[in-house]
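J.: This is a predicted model, with the sequence first.
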Amino acid sequence: MKDKILNMLGLAEKAGKVVSGEFMTEKAVGSGKATSVILAADASENTRHKFTEKCSFYKVPVYVYSTKNDLGHAIGREERSCMAVCDRGFSDAIGKLLGKL
């Protein structure tokens, strides 16, 4: 299951539908472009709290999944503690996969 989710994030990145890093993720959520947010399980408590609150306010689903290293590697970058998926189809597919865990 884990590989499918990380592969889906990689496909979304190739399609240009992922923004990563705290600043860009926060901007995507605030502007309404984010359709879901993925947080690394090993992200700092401050980061998790900030995005949980912001996404709750903007009604964007938040998923805590995998590690910073795995998330970064999935999209071809260095460690990422958070990322926003900006496509409803990819977000729905990732949500369904995460719901099966």
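T.: Now that the structure is in, tell me what you want to look at.
J.: roughly how far out does stretch 7-21 sit from the chain middle?
T.: 9 Å (C-alpha atoms, centre = their mean, to the nearest Å).
J.: What lies in contact with that stretch?
T.: Stretch 7-21 has contacts (C-beta atoms under 8 Å, 6 or more residues apart in numbering) with 25, 27-28, 33-34, 38, 71-72, 74-77, 80, 82-87, 90, 93-94, 97. The C-beta positions use only the backbone N, C-alpha and C, and glycine is treated the same way.
J.: Report the buried members of these.
T.: 25, 28, 34, 38, 71-72, 74-75, 80, 82-87, 90, 93-94, 97 (16 or more other C-beta atoms under 10 Å).
J.: any idea which element residue 70 lies in?
T.: Per DSSP states H and E: residue 70 is located in helix 68-74.
J.: again with residue 24
T.: helix 22-31.
J.: by contact count, what packs against that helix?
T.: Applying 3 or more C-beta pairs under 8 Å, 6 or more residues apart in numbering; DSSP states H and E, one finds that helix 22-31 makes contact with strand 18-20, helix 45-58, strand 82-85.
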